[in-house]
Structure formats: C-alpha cells, structure tokens
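Student: could you look at this predicted model? Sequence included:
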Amino acid sequence: MHRQKSILSFLQKPSSENYHAGGPVRNGGRPPHLDMKEALAGKPTSSGYLHDDGRPPHLAMKEFLAGKSTSRGYVHNDGRLPCLSVKETLNCKPTSSSTTNSSLEIRGTDTPPEKVPRQIFSSDLTPTDNKRPAVFSSIMHKFVKADERETPSGSPCRNQVDGDCSIFSPTFNKLNDCKEATKCGGAASINSQEIIISKPNKSNSDILGPETPGERPFVPRLKRIRDDCSKFDDRIDLSLTDSSKRLSFFQDSETGNKSQEEVSKSTRKFEWLDPSQIKDANGRRPEDALYDRRTLYIPPDAFKKMSPSQKQYWSVKCEYMDVILFFKVGKFYELYELDAEIGHKELDWKITNSGVGKCQQAGISESGIDDAVQKLVARGYKVGRMEQLETSEQAKARGANSVIPRKLVHVVTPSTTDENIGPDAVHLLAIKEGSSGFADGSIVFGFAFVDCASLKIWVGSVSDDTSCSALGALLMQVSPKEVIYESRGLSREAQKALKKYSPTGCTALQTTPVLPVNGFLDSREVKNMIEAKGYFKGSGNLWHHLLDSVTHHEFTLCALGGLINHLSRLMLDEVLCNGDILPYQVYKGCLRLDGQTLINLEIFGNNSDGGPAGTLFKFLDSCITSSGKRLLKSWICHPLKDVQQINYRLDVVGALMAHPGVMLLVAQQLHKVPDLERLFGRVKVAVQSSATLLLPVVGKKVMKQRVKAFGSLVKGLRVAMDLLVMLQKEHVISCLSKILELPVLSGHDGLDKFLTQFEAAIDSDFPKYQDHDATESDAETLAILIGLFVEKGIQWSQVIHAMTCIDVLRSFAITASDSSGVMSRPLILPPSATTPRCQNNKGPTFKIKGLWHPFALGENGVPVPNDLYLGEAADDYHCRTLLLTGPNMGGKSTLLRAACLAVILAQLGCYVPCDMCVLSLVDTIFTRLGATDRIIAGESTFYIECAETASVLQNATQDSLVLLDELGRGTSTFDGYAIAYAVLRHLVEKVNCRLLFATHYHPLTKEFASHPHVTLQHMACTFKQRSEASTTERDRELVFLYRLASGACPESYGLQVALMAGIPKQVVEAASEAGRSMKEMVGRSFLSSERRSEFSSLHEEWLKTLLAVSRIGESSSDDDAYDTLVCLWHELKQFYVKSVDSV
C-alpha cells in the first residue's frame, strides 16, 4: 500500500503550506524533505541542524546509505542504526519509532511511473470515493496485465516473500522491495490516502493482455503527465526537473542491477553465443587464423537439453551462421537471437522473448516472407528458409506428440538470386591465385563464375603481372556481386585489385574468404567430385573437354571446386546438374582492354559519380531486351581482332540502316519478347527437380511460378521465331548467318512445327498460365512438357542468341543513324607484318578525318571534328607518335580519348564518329590518364602513374595503341621530366607503336622536334578582349578552340586558367611576376633549349654511336647501330630537302 501511495505522491504532491500545517517541521520551520535534498546534495542545512556528534547530516547520510555505522555510534531512540532505518524508509517499511500522521507516510520519489518499468495490477481496480475522480484511474490501464494462472483466495502469490505478496514486477521489487503490500485476495477501495487491491476477476474477457508501444498511439511523456495532473487542483507540482534529480541515485542503482541480471540470464541460457565464449564447429576462437565464421560450436550437453524444435533449428543454424535463417512455425516465419536483431535493425521488426526455447524472436506471416527476403538480400544478406515438410494435421496423424519435420530447402544470396535483378547479369565468381612458374615472376588466376538466373557457368584462367591489370579486366567484365577466394590465398596486390575494380554503393562487391578444407580442393579431388555427383551432365559441352583450351587448368579446376562447394552449400545443386559450362577468355581473340583502360576511357562508369551517364555503354545502348543489354556489355569488353568478322557485323548494321522500315518492325517485335535467356534457365531448373513441389504451401507456389515461366517462354519464342522468319524474307538473315549459327526454322524438321505443338499444349492445359492455380495433376503434365522441350535445348539457345544479336546490331544501327555528328563505316586493315624497322615498308596505320568525341560535345551540343594521322600509309608517310601540347582545359585528353573510342567502335563492328577512318587492327589499348591516389592502399599519385606506365612498357607491341597523358606530373619538375623523356624515347625507338603523348613539359618538344617518328601538334586557342575599351594584355580572355593545329604550343597558359578557376587576381599577378623573374634568371638555359630543336640530345647520342660504329668490325651486326645510321640518313635527307627549298 505504501508503494501505491508513493506513486500517488507524484500525482498529488501537497503544497508546502498544507504540508507544514499537517506534519512535523525541523528547527526553523523547514520541512524534513528539504533537509533530505540538501543532505543528498552534500550541502549543510539552512537550519544549521547537526547530529549529536556535531557532524552535518550529509556526511552521516553518506555513511548510512553505504550501510556503515556512524563514527560516533549514533543510533535512533529504538536502538537501530540510521542506515537500517533509511533502508526501511526507502523500501516503504514503517520504522519502529514512527509515530507520525498517516498522511505523512506517503513519501514517494516524485518521479513519474513512466521513468521506470510499468507495474502490473489486476484489472479490477476501481475507485470507491465518489467525491472526486480516482487519482489512479487515469493510468490504471497501464498497469493491468492478464494473469492466466489464477491464484486461489487466501493462497500466496508467486512473488510472495516471507509471507507477503508483491503485486509488482520483479524489477520494481528490486528498487523498493515493498513487502507491506496488501494480500492478493483483499477488497478494492481507492482514495487519496490508501489503495486496496481487489480480487482479480475470473472472466477472461475482462483480462487485458500486455500492452506494447506498437498497440497504442504515441503520446509524449510531458503531455501524458499534464493530462493526468489536469484532473486535480493546483496542488499538483508539474516540475519534472526536481523529480528527476530526486530519483537519479535510485535509477542508477536499478539500471545497473537490471542490466547485470539480463546479461547473466542471457549467458546462462546461451553462453555459447556470448562473444567472449563463441567458437566455430572445430572449437576455434575468432582470433584463431583458421576460425570459420560460418559455423558455431554448441556443447553436446546444451544440445541434449533442447526441445525437438530447438534441435531442428540449431542443428542447421550452427552450420549457417553467415545466413539469416527463417524458421517456419505454422503460418509464420521466425528469426531467433542474432538473426532477430538483424530483423529488428533492417526491417524494424519488434523483438519478443518467445519462440523456440523462449529466446529473442522476431517474425512475419507467410504472406510477407517473399518481400522480406528480397529486402534483406537487396541489403547484402544471405537468407535461408527452413520449411515444414508436412502440415500440422499430417503430424498429428502420426501421433499426438509428433514433431513436424523441417528442412533447409534454399538459401538466397545477392549473387545467386533470380528475382527482381533487372537486366544486368548477376555473377558469383571464384578465383584461385598461383605462380606461373616463369622467371619473370608472373602470376596466374584460375577462375569460375556462374549466372544462376540463366544457368550458365564459365571457367578459364589468365596470366597477370604484379599490377593485377588482367584481374582488373576480369572483374570489370564479369562485375560479380560476390567473390569467393581461398583464405590467405590472395596476394596483397590481388586484394587491392578487388577493392579498386569493384562497384560501389548498394551493389558493392562482397568478398568471401573460404578455408581450403571447406571449399578449394585439389584439382584431382574436384574431378572425382564432379564425376561422383554427376554435375554438368545437362551441358551440351562435356566439361573435361573445356580444359584442353585452358592453360594452367589446375588453378581453374581448383576455382571450379570452390564454386561447386559454395553452390552446394546454398542448396543449388540443380544449377550444377542442369547448367551449361562454357570456356571464358579474358583477352584471347579480342582487342585487349585491361581494367585500368576500361576505367580511364569511362566505358561503363563515368569518373564523376560512377554512373552510366557519359559512358560508351550508354552511347551504344539502344537495346530493347534485357539479354541484348547483357550481350552488348560482353561485346564491348571483347572487341574483335578478326577483320572478316568485323566486316560481317558492319554488313548487318549497314543493311538495317538501309531499311528503316525493317528496323521499326524489329523494334516492335522485340518489345513483345520477355527475357528468354533467364526464362529458359528457370525452365531447365525444373527438370528432375520435384523435391520442392512436395512441400506444403511452398510447393503450390513453386508450381505456379513454373507454369508461368514455361508459358511465357513458349510464347516469347514464337515472337522470336516470327522475327527471324521476317528477316529471312528481307534478306538480312543472310548477313546474320555469317555471324552466328542458326537452326532450321521451317520445314518438316524445323523448329516452327515443334514449337506449334507446345503452344497448343499450353493453350489446352494452361490457358491462364500467367495466373494458373496448379493442381497435383498439373505437376505431372508440366514435367512431361518440360522434358520434351529441353530435348531441343541447343536449338532454342541458338534462337535466343540470334534474337539477342539482332537487338545489339539494331542498337548499333540506331546509334549510327541518330547521332549528333557524322558516323562512317571504318575500313579495317589486317595487322602489320613484323619486319625489320630499318626497311621503309608499310606499317600500322591510324588515319581518321573529322574525328569527334561521341559523348563529350562542344558548346551547344555541336561536335568539334579533328584530323588525326598516325603510322605509315601506302601513298604518304606519317609519324607513329603524336607529341601533343596545348593549354590546360584545351581538349587534349578529350581528343586522346576520342581516338581510343574510335578504335573500340571500329573493332566492335560499329560505325565510327568521323568522316573517314582507316585503321589497321590494334591488339591492345594502353592508357595512362588522370591524377589519382589510393590512400587506403598506400599508393601516391606518382606511384600509380609509374605502375600504369610499367604495364605499358612491359606489354606494348608494335600493333598497340598507347595513350599517355601528362606523365610525370606527380613528382618534382626535374624527376617528372626525366621520366617522361625516358618513357617517350623508349616507346618511340624500341616499341615503335602508335603513341599519343600529351604533356606540359615544353622542353620535350625541343628534344623531339626533329625526330623522324614524332610529329608535334597542339590544341589551338586564342585571346579576345573582354571589352572594346580594354587594350592591356591582362584584359584579354583565353578562348579554347578545341582544334588540332600543327607545331608545338608556346606555353600552357596556366595563369589564365587559374583566373578562370577563381584564384584571386592579385595572386595570379604575383605568380606572373614570379614567372617573369624566373625566366630572366634561367634565360640562358632557355636560349640553349631553343637551339635543341636543330640539334637535340638525340643527335648527340647518334653522333656518338656513329663514331662507335666506325670502330666496329665488318662482322658485327648491331641492330641499334644500323637503326642509328638509318635515322642519321633520314635527318640528312630532310636537311638537304629543306636547304633546297630555301634556295
């Protein structure tokens, strides 16, 4: 009763006048509770009150609150210590010496009940005082709780201690231990000074359940207090600050006790889940290098004590700790413990202490499970579902105590899902790194990746250097959602490449290290496992024949084994049994574009935000079908190196452009076609996959999905077949047949007749296949139809591929027809023959007129064309190296990128943005662009420049196209110039490739001005006056023309660009003065540099070589010496021609 009165004191605190009039006061007329506040705050009382020992009360208070006797042995009149008296007072027990009025016994904490856990009362608390509303009635509903176990009258309650019964929760008892409460069987009466608890009503309809915050509207705490207090007179004190201070000591004590109890309770129940004790299945702790975070160790004794349902759940969960596991219970799916916390965090689900074993639980009904799984997968989680293998009725039929069997049937991950994934391919990649065994220290990556939606698996290997550029190319081409690799099996450089070339944002790459014993087996063990389990039998290509074309196949098999074990763990054996396994080449047979080049040229993502805007893929993508978009990306990653195949594609594009009506009909047909590639994959999964159909509820849903997929596939193939027949009549198919292999479409053995039979079966058996309510007989019918359909799987795949190629080639035609500038068909020449460079023969050629950047246009969206000539031609001679200078922001990088994009487009079989293009095949495009650093990897700007340049110097050939932009700017001027000079000279004289070299080091133009293989050009600019009245040089404005002009640019005009960027004018003027002074100080060096254009350091070395050659015997055959003689002969010839012309 005292505790209720303590709560009442908050809601009905009397004023100081009334309190003083009815109760005792200290000396000086102060009420005792003010002295108590001052004592707790450590202040001397204003009344000067002291104990008998002369000490202030706050010092004595500290001692007896701590349970200590006072230093002077002070005791009450009844002989008890003060600390015991205070404890009894705080616990609402009347002291033995108390003789005060009953109204003074209400000494609450003045803290609103909402600050501490709500108390649980009987639902029958009703006031009997009719003079005014019951004080407690307004908040009574918050303390009512249903008690299913009714207590007989006169018997003790479950919280009874020492003969007393507490009606409060255990948490509240810890704070107050209010043992003087009334027995549970008392009568009910509530007034201003006492609360009597009535006997609970036995009617279930009157017993309310525990109210949760989600079951009532949210009301701010201050408003609730004011609403309660508004029912009373002005005696109520609404101050919350004092009340919170009064209970701060008790709240801290309660919070500490409560948290300790919860932690200890959790530890006692699932101590093997505690972070301090958790282990993997092998008993290893997380700090162990071999710790397997996918598994969990559960002590055998703890497992034996579990209920059957608990054993079902934890026997699976202990092997899938990296998976969010939904457990089917009736018509609900539940999450437990750690998974429940994730559900609360990601989906805002409420956690309750129920479920399997009364642990933390959150869940959802079966109608919302699919949406919940998709949301979790979209956020990067792996999600599994344990389904019931029979209904509750079937379990009861086996016996009253029978347990419903459950099984993990499927695990969905971001890299294996086939729901709502859009047009992009979703790949899971496994890689294995190893040494190539060569002296150059090169490495090998064996890989295998899968597209579960289309049921295709690719395997292969690629050799790489220390920069891991080939691995970067693989990652850019495949764009995996998840990468599996052997734990501690990847080098530091390979791990850097995973971070560098992986996408960001919501599609960020997941990396999954796997212990060798769990996945990456030996190549021989992988072979035995494939043969034993019968994997890849549904593939048209026998898997062991694919290894004949793969170098270092032992690493490929190891990666394939890791992929197989991972898919098997995810319950995806149907992908392994029915999927097609295909070879994959990163570079072989195509124009080589490494990962850095794909980034520098902005092929798939721009350099500003990584999005598709302003990329080559976006420029070419006019595809209608999802499979067409995926094939376009594959083609862009692998431009052709076969002149004949390139011309075949160009023929189809030209034929479509010549017949715009045909292109319109093709577009109309393609809009009717679903994603046939993925539909065919779903249908193939259904072959010999009837296990999920036996599951209650789930089996019916799966059956409905399969009927819809098969019906959509058959109807879509009909549209594709009609499209191919139409193109055959328009004579476009004749050009297309040179690109790909087509099956027989019409006739007695044609696919048209075969497809008609399936259409008739769909119309008769599943007329509403989009929303068909499947029955048991439908399952057998569908299985027969799918089995017959898959027998022609190779022919159906050819039809789907042909339709996809038409979509991509039509996209090429649309791009050429609707572009902003002129597009022309390129003339492709075979690669140059490797002959001695001393012979004046025809070599690699790149001759392009009117070149413009396809998606970086000039002002008002108008392209700015330029002419570019590199290499040797039959009618005239051009240098293979372009040394490009010009002002900052003048368009140098744009021109260089446009040249590289023109080569890619030409070898794709697409028209090129220019007036004319003659190109001999390029084997590799190398690029060194931009100034970036990678702080996390510890790589500076200049280090990245040198690393990318090293790849160029090591791998470039005569047929390569190399782009170097501002090499050497990341270090000091002298070091940067030295690097740029040495690299340029090596590529010009040793590699002899087609080279585009942009620089701001103007002395390079003097050194190579007279070089026979180098031509100097610059991006033109001019000045205009800011106003007609301005006449000074400072009032001129720099104007960029974006035109390629001959010769070297006199300077880079950096100060003008600085003004445009917003640097204050006074700072730029100071920089101009500093530059002028510097030129005067080194004027002599500048004059000597000007003379280098006539006799450069190259000529000095040639002269030294000539003198050395004169001392060499006739039997010597030094190629460098002969090259020097040829260059000297060419220089003398050019000098003689100039002299004759001047005369």
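Tutor: Right, received. Where do you want to start? Numbering: from 1, shown residues only.
Student: which residues sit in contact with residue 965?
Tutor: Neighbouring residues of residue 965 by CB atoms under 8 Å, 6 or more residues apart in numbering: 892-893, 896, 927-930, 998. (Glycine included, C-beta is placed from N, CA and C.)
Student: can you name the residues bridging to it?
Tutor: residue 998 (DSSP bridges).
Student: so what pLDDT did it get?
Tutor: Here the pLDDT value assigned to residue 965 is 89.
Student: what does the one 5 residues further on give?
Tutor: At residue 970, the predicted lDDT confidence score is 72.
Student: re earlier: nearest to residue 947 among the contacts of residue 965?
Tutor: Using CB to CB, residue 928 is the member of the contacts of residue 965 that lies nearest residue 947, at 9.6 Å.
Student: please work out how many residues are found near the closest one.
Tutor: Neighbours of residue 928 under the rule other CB atoms under 10 Å: 23.
Student: just want the phi and psi numbers for it.
Tutor: Main-chain dihedrals, residue 928, degrees, to the nearest 10: phi -130, psi 100.
Student: so it makes contact with residue 946?
Tutor: No - Residue 928 lies out of contact with residue 946 (CB atoms under 8 Å); the separation is 9.5 Å.
Student: hang on, the earlier thing: in helices, which of the contacts of residue 965 fall?
Tutor: 892-893, 896 (DSSP state H).
Student: and of those residues, the nearest to residue 615?
Tutor: Of all the ones in helices among the contacts of residue 965, residue 615 sits closest to residue 893, with 15.7 Å by CB to CB.
Student: quick check, that closest one in contact with residue 998.
Tutor: Yes - contact status for residue 893 versus residue 998: in contact at 6.9 Å, counting by CB under 8 Å.
Student: can I get the helix or strand where residue 513 lies as CSV, trimmed to CA atoms?
Tutor: Element membership for residue 513 (DSSP states H and E) is strand 510-514. Output in CSV follows, covering the C-alpha atoms of strand 510-514 (Å, rounded to 0.1, in the frame of the first residue of the first chain):
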residue,chain,number,x,y,z
GLN,A,510,31.1,-9.0,-51.3
THR,A,511,34.2,-10.9,-50.6
THR,A,512,34.0,-14.4,-49.0
PRO,A,513,37.3,-16.0,-47.9
VAL,A,514,37.0,-19.7,-47.6
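Student: show me what it is packed against.
Tutor: Identification of packing neighbours for strand 510-514 by 3 or more CB pairs under 8 Å, 6 or more residues apart in numbering; DSSP states H and E yields strand 482-486, helix 553-569.
Student: what sits up against the helix or strand following the longest one?
Tutor: Counting by DSSP H and E, the next helix or strand C-terminal to helix 553-569 is helix 573-578. Taking CB under 8 Å, 6+ apart as the criterion, the residues outside helix 573-578 that touch it are 450, 452, 455, 457, 533-538, 564, 567-568, 684-685, 687-689.
Student: related to what we said a few turns ago, mind putting the contacts of residue 965 into CSV with pLDDT and distance to residue 814?
Tutor: Formatted as CSV, the contacts of residue 965 follow (pLDDT from 0 to 100; distance: CB to CB, whole Å):
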residue, pLDDT, distance to residue 814
892, 89, 31
893, 90, 28
896, 93, 27
927, 91, 28
928, 86, 33
929, 81, 29
930, 68, 31
998, 92, 33
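Student: would you mind checking those for buried ones?
Tutor: Neighbour counting with 16 or more other CB atoms under 10 Å marks 892-893, 896, 927-929, 998 as buried within the contacts of residue 965.
Student: what is the nearest of the contacts of residue 965 to residue 815?
Tutor: Among the contacts of residue 965, and counting by CB to CB, the member closest to residue 815 is residue 896, at 21.8 Å.
Student: mind listing what that closest one touches?
Tutor: For residue 896, the contacting residues are 884, 929, 963, 965, 996, 998, by CB under 8 Å, 6+ apart.
Student: my read: the second one touches residue 600, true?
Tutor: The one in question is residue 929. Yes - Residue 929 lies in contact with residue 600 (CB under 8 Å); the separation is 4.3 Å.
Student: and the residue lying closest to residue 422 once chain neighbours are set aside, how far is that from residue 678?
Tutor: Once flanking residues are discounted, residue 422 sits nearest to residue 626: 7.5 Å by CB to CB, 6 or more residues apart in numbering. Computed as CB to CB, to the nearest Å, the residue 626 to residue 678 distance reads 8 Å.
Student: just residue 571 next, same as before
Tutor: 20 Å.
Student: ok, residue 393 next?
Tutor: Distance of residue 393 to residue 678, given as CB to CB: 37 Å.
Student: where helices are concerned, which of the contacts of helix 573-578 count?
Tutor: Counting by DSSP H, the contacts of helix 573-578 contribute 533, 564, 567-568, 684-685 to helices.
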